[in-house]
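Student: Any chance you can model this:
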Amino acid sequence: MQRPRLWLVAVTALWSAPAAPAGAGDAAERPNLVVILVDDMGFSDVGCYGSEIATPHIDALAANGLRFTEFYNSGRCCPTRASLLTGLHPHQTGIGHMTAPPGQPLGIEGPYQGYLNDECVTIPEVLRPAGYRTLMTGKWHLGVDRRECWPLQRGFDRYYGGLSGAFNYFEPGGDRGLTEGNDPVATGPDFYATDAFTDRAIDFLQETGETDGDRPFFLYLAYNAPHWPLNPKVEDFERYRGRYKDGWAAVRAGRLAKQQELGLFEGEFDPAPLVGPEWESLTDKQRDDLDARMAAYAGCLAAIDENVGSLVAHLERTGELENTLILFLSDNGACQEGGRLGSGTEATIRNPPLRTTDGPRLGLAWANACNTPFRLYKHFVHEGGACTPLIAHWPAAIAADRRGGFVRELAYLPDVMATAVDLAGATYPANAPPHAGASLTPLLTGEPGPIHDEPLFWEHEGNAAVRDGDWKLVREYGQPWELYDLAVDRTEMHDLAAAEPDRVADLAARWEKWATATGVAFPERFNMYQFLNQQRDR
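Tutor: Here you go, the predicted model:
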């Protein structure tokens, strides 16, 4: 049984006219907040983080804002979404591993129940009583079968998108179709998910301006791109077809050189090694297919960039851009699912199957290049899986002489909730689980020093990490702990565990204390897919 959501009464009763955050002026000047979350994008996949993919609109946000170099996600799609929206660790929200597949409830409660629980509170549930209009389009992925978990029931005034995980870009179907509000909605012949999510977001903003023009808004725009199936528009695919014929070594070399030119990292480090086979060892057919897969992926990102430009143009036209904090980030590192070389051909890219998630996948070798310069990928909490590009754009608060620069302090997903509460002058309910974050506002406004002086923790599928200052203890499930000094070894290439046994023991003990308090399953991990298979076997 889920406990009644008593905090809803509490937060409404506690809120009165919200106080403006320090330095923000009166309540009428509270900023709008826009969170743009992309799906399975690698650390170096936009131009301002090193990519050869043209992303001029996203790069413009960075040029007029700030780029974070040490911002962390939760390593996987739905755990990241749960943590971002609640300010908690995923296990505290009921999504310690994954959401249950549509029509396959797990039938358990607690950290691994597979849907958003009733004890946590979401950003829109906190901001709406504080006078904010709360809007969402895109991928939800926090529980499909239980309507109490859906966006309108969790604080959003308007919603349009896909409630499940992966879905087709051109024609979602079946139990992975689209929803508007609480009702299923059909798609037209020219539907394309990335465009549709932006268009509806702009529609919602226009409605807000017409009916609630004096109210600030929170918009959560959660693209499903570039998650598989890789479904680019043909014209975007053709822009990149042939540009990857020299393979992943050439892509990584180009990105490393650009990152150095941009000044993305301080100091020197050894980049993580490539994991794909030698490009010349592959057949002509394999190389051609691999070029097509990466071109499809780049095409999906090109569409995101075009749509970010459309959203920013709307905010500028309506006079909202100056006092809108835009956060752009990815839910995890690039996705290695699909095998070492991925899957799909030019034919399946140009003529994708509809109403299905079957289709091209990027694969491990390209994902490794997309995460330049880091190790590993989605699922893991090494830097390649859990470190995300984060761009913050807020002209009203980011000083002109800091724009285009970097934030090199440590931050992570729970900080988004803390930032929203801070900037909105909202009241976080006292009887909800305390959020784990710290406001990003000091980092945005240029106050010196870190916002976290305590260790930060992660766990997904038994992959685990703790970070205390520059020291990071991390392991893959079933493997020994590894220890890195990220001040000089950002790519986790030089394991110091043997040389620092006392530090390893101390950090490991702290991780176990956190994991016990948070409900993490260890030393044996919980895996939803294994659990479902065991249920079927029984």
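
Student: where along the stretch 51-200 of the chain do the strands fall?
Tutor: 66-72, 133-139, 158-162, 178-180, 183-185 (DSSP state E, counting those that start in this stretch).

Student: so G276, which of the three states?
Tutor: Under DSSP: H, G, I helix; E, B strand; the rest coil, the three-state class of G276 is coil.

Student: Point out where the protein drops to low pLDDT.
Tutor: 1-28 (pLDDT under 70).

Student: Against which helices or strands is the helix or strand harbouring L443 packed?
Tutor: Taking DSSP states H and E as the criterion, L443 maps to helix 441-445. Packing partners of helix 441-445 (3 or more C-beta pairs under 8 Å, 6 or more residues apart in numbering; DSSP states H and E): strand 66-72, helix 414-424. C-beta: built from backbone N, CA, C; applies to glycine.

Student: Now do the contacts for the nearest residue in space to T208 that is not next to it in sequence.
Tutor: Leaving out its chain neighbours, the residue that sits closest to T208 by C-beta to C-beta, 6 or more residues apart in numbering is R133, at 4.7 Å. By C-beta atoms under 8 Å, 6 or more residues apart in numbering, the contact list for R133 reads 157, 208, 212, 215-218.

Student: ok, now I202?
Tutor: Shown in contact with I202 (C-beta under 8 Å, 6+ apart): 310-311, 314.

Student: most centrally placed residue in this protein?
Tutor: Centroid-nearest residue in the chain: D331, 2.0 Å away (criterion: C-alpha atoms, centre = their mean).

Student: From the contact counts, what lies against the helix ranked longest in the chain?
Tutor: Ranked by residue count, the top helix of the chain under DSSP state H comes out as helix 284-317. The helices and strands touching helix 284-317, judged by 3+ C-beta pairs under 8 Å, 6+ apart, are strand 32-38, helix 56-63, helix 193-211, helix 234-240, strand 324-330, helix 346-350, helix 364-370.

Student: tell me the most buried of these?
Tutor: Compared across these, helix 364-370 shows the largest average neighbour count, a mean of 26 (mean count of other C-beta atoms under 10 Å).

Student: Just the CA atoms of stretch 262-281, as PDB, please.
Tutor: The C-alpha coordinates for stretch 262-281 follow below in PDB (Å, rounded to 0.1, in the frame of the first residue of the first chain):
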ATOM      1  CA  LEU A 262      38.100  25.100 -26.300                       C
ATOM      2  CA  GLY A 263      39.900  24.800 -23.000                       C
ATOM      3  CA  LEU A 264      37.300  22.400 -21.800                       C
ATOM      4  CA  PHE A 265      39.600  20.700 -19.300                       C
ATOM      5  CA  GLU A 266      42.400  22.000 -17.100                       C
ATOM      6  CA  GLY A 267      45.700  20.200 -17.200                       C
ATOM      7  CA  GLU A 268      46.800  17.100 -19.100                       C
ATOM      8  CA  PHE A 269      45.400  13.600 -18.900                       C
ATOM      9  CA  ASP A 270      45.400  10.400 -20.800                       C
ATOM     10  CA  PRO A 271      42.300   9.800 -22.900                       C
ATOM     11  CA  ALA A 272      40.500   6.600 -22.400                       C
ATOM     12  CA  PRO A 273      41.400   4.000 -25.000                       C
ATOM     13  CA  LEU A 274      39.200   3.100 -28.000                       C
ATOM     14  CA  VAL A 275      37.300  -0.100 -27.600                       C
ATOM     15  CA  GLY A 276      36.300  -0.800 -31.200                       C
ATOM     16  CA  PRO A 277      38.300  -2.900 -33.600                       C
ATOM     17  CA  GLU A 278      40.800  -1.400 -35.900                       C
ATOM     18  CA  TRP A 279      38.800   0.400 -38.600                       C
ATOM     19  CA  GLU A 280      40.900  -1.100 -41.400                       C
ATOM     20  CA  SER A 281      40.200  -4.600 -40.100                       C
END
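
Student: Cool, thanks, talk later.
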